[in-house]
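got a structure for you, letters missing:
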């Protein structure tokens, strides 16, 4: 807080596994010194409002930081926003400490004021610099990817931001880099394949998805996306098998029902197509165009029933 540096929206901070690690002991001693110093100062000179306020500021820090940074483990061990509220207490206590030092040493008073002004100016400049990273989604995740190069989430979010801004080639490059780091990353496999499907590069998509399925055959989205790629290659039997596998893994997979219904309607299997589309409509109402297809299929199946 005193000298913010290396700020990161998605830290890749090493986790301590023993309370006897040097950095754990150092941090524990620092926190203990903060608490003990504030307490003893308050006990010795209760009449000095600054010491009371200093104690209150340190207490504020410990109480507010304990809400989400205590002995309960969290998936993300560090996050910038967790320090926002606790920092009020730290700056409060720091202001009191500086004023105590100013009055205790009159000769040092001008230097204390100068140092305080310089510190505030530095924090202001650091805030403006950090604002540059937060000014765009792409810039924010690029900054995080540089500072956490071994973590997948910043790269995945950077790829999504690049894609949203029309930089599909850059997004593809980031996702391929992510998969080179960790071939088993399902999210990157799906996002890369969907981009390839959208650009009509179905064979490349099939290759990506088959590798993804080798690592995670239980993920229905991979099979669904593979069905889309096969359909784009006009490999209808393979496409049907992929959609059916997606439904086997997730029976309420609405888009797989829609896909199967659409393909079966094209193949002339009106009854089976209607069953899938009706199920999709139950899961989430279909749009108007799909409802017209359902109405047409209902008419066909009704006519077939009458003729039989």
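Thanks, I have it. None of these values were measured; they are calculated from a predicted model. Numbers count the residues shown, from 1 in each chain.

so for the most centrally placed residue in the chain, what's the nearest residue that isn't a sequence neighbour?
Most central in the chain under C-alpha atoms, centre = their mean is residue 153, positioned 6.0 Å from the mean C-alpha point. Take residue 153 and drop its neighbours on the chain: the residue closest to it by C-beta to C-beta, 6 or more residues apart in numbering is residue 10, 5.6 Å away. The way it works is simple: take the backbone N, C-alpha and C, and place the C-beta from them, glycine included.

on that earlier part again, on the three-state scheme, the residue nearest to the centre of the chain is what?
When classified by DSSP: H, G, I helix; E, B strand; the rest coil, residue 153 comes out as helix.

I'd like to know how far residue 50 sits from residue 97.
Using C-beta to C-beta, to the nearest Å, we find residue 50 at a distance of 8 Å from residue 97.

rewinding a little: what count of nearby residues applies to the residue nearest to residue 153?
With neighbours defined by other C-beta atoms under 10 Å, the count for residue 10 comes to 21.

now do the SS call for it.
Quick answer, by three-state DSSP: residue 10 is coil.

contact partners for it?
Residue 10 makes contacts with 76, 141, 144, 148, 151, 153-154, 157, as judged by C-beta atoms under 8 Å, 6 or more residues apart in numbering.

by neighbours, which of those wins?
In terms of neighbours by other C-beta under 10 Å, those top out with residue 154 at 26 neighbours.

shouldn't that residue be in contact with residue 144?
Yes. Between residue 154 and residue 144 there is a contact at 3.8 Å, judged by C-beta atoms under 8 Å.

now for the two: what residues contact both?
In contact with both residue 154 and residue 144: 9-10, using C-beta under 8 Å, 6+ apart.

residue 134 reaches residue 142, doesn't it?
No. Under the contact definition of C-beta under 8 Å, residue 134 does not touch residue 142, with a separation of 11.7 Å.

those two: who's more crowded?
More neighbours surround residue 142 than the other of residue 134 and residue 142, with 19 against 13 (other C-beta under 10 Å).

is it true that that one touches residue 158?
Yes. With contact taken as C-beta under 8 Å, residue 142 and residue 158 are classed as touching, separated by 5.8 Å.

other residues contacting stretch 46-62?
Applying C-beta under 8 Å, 6+ apart, the external contacts of stretch 46-62 come out as 31, 34-35, 38-39, 41-42, 44-45, 86-94, 96-97, 99-100.

filter the residues you listed down to the buried ones and hand me the PyMOL line.
Buried subset of the contacts of stretch 46-62, written as a PyMOL selection, criterion 16 or more other C-beta atoms under 10 Å:
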select buried, resi 38+41+42+86+87+89+90+92+93+94+96+97+99+100
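
distance from the chain centre to the one helix or strand residue 180 maps to, please.
Here residue 180, judged by DSSP states H and E, is contained in helix 168-181. Once both centres are worked out by C-alpha atoms, centre = their mean, to the nearest Å, helix 168-181 turns out to sit 17 Å from its chain's centre.

cool, stretch 130-145 as well?
Stretch 130-145 sits 14 Å away from the centroid of its parent chain (C-alpha atoms, centre = their mean).

stretch 161-173 now?
Put simply, stretch 161-173 sits 17 Å off its chain's centre (C-alpha atoms, centre = their mean).

show me what that stretch is in contact with.
For stretch 161-173, the external contacting residues (C-beta under 8 Å, 6+ apart) are 136-138, 140-141, 159-160, 174, 191-192, 195-196, 199.

can you put those residues in JSON lines and add pLDDT, secondary structure and distance to residue 14?
Formatted as JSON lines, those follow (pLDDT from 0 to 100; DSSP: H, G, I helix; E, B strand; the rest coil; distance: C-beta to C-beta, whole Å):
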{"residue": "136", "pLDDT": "93", "secondary structure": "coil", "distance to residue 14": "29"}
{"residue": "137", "pLDDT": "94", "secondary structure": "helix", "distance to residue 14": "27"}
{"residue": "138", "pLDDT": "95", "secondary structure": "helix", "distance to residue 14": "27"}
{"residue": "140", "pLDDT": "95", "secondary structure": "helix", "distance to residue 14": "23"}
{"residue": "141", "pLDDT": "96", "secondary structure": "helix", "distance to residue 14": "21"}
{"residue": "159", "pLDDT": "97", "secondary structure": "helix", "distance to residue 14": "25"}
{"residue": "160", "pLDDT": "96", "secondary structure": "helix", "distance to residue 14": "26"}
{"residue": "174", "pLDDT": "97", "secondary structure": "helix", "distance to residue 14": "24"}
{"residue": "191", "pLDDT": "97", "secondary structure": "helix", "distance to residue 14": "28"}
{"residue": "192", "pLDDT": "98", "secondary structure": "helix", "distance to residue 14": "29"}
{"residue": "195", "pLDDT": "96", "secondary structure": "helix", "distance to residue 14": "33"}
{"residue": "196", "pLDDT": "97", "secondary structure": "helix", "distance to residue 14": "35"}
{"residue": "199", "pLDDT": "95", "secondary structure": "coil", "distance to residue 14": "39"}
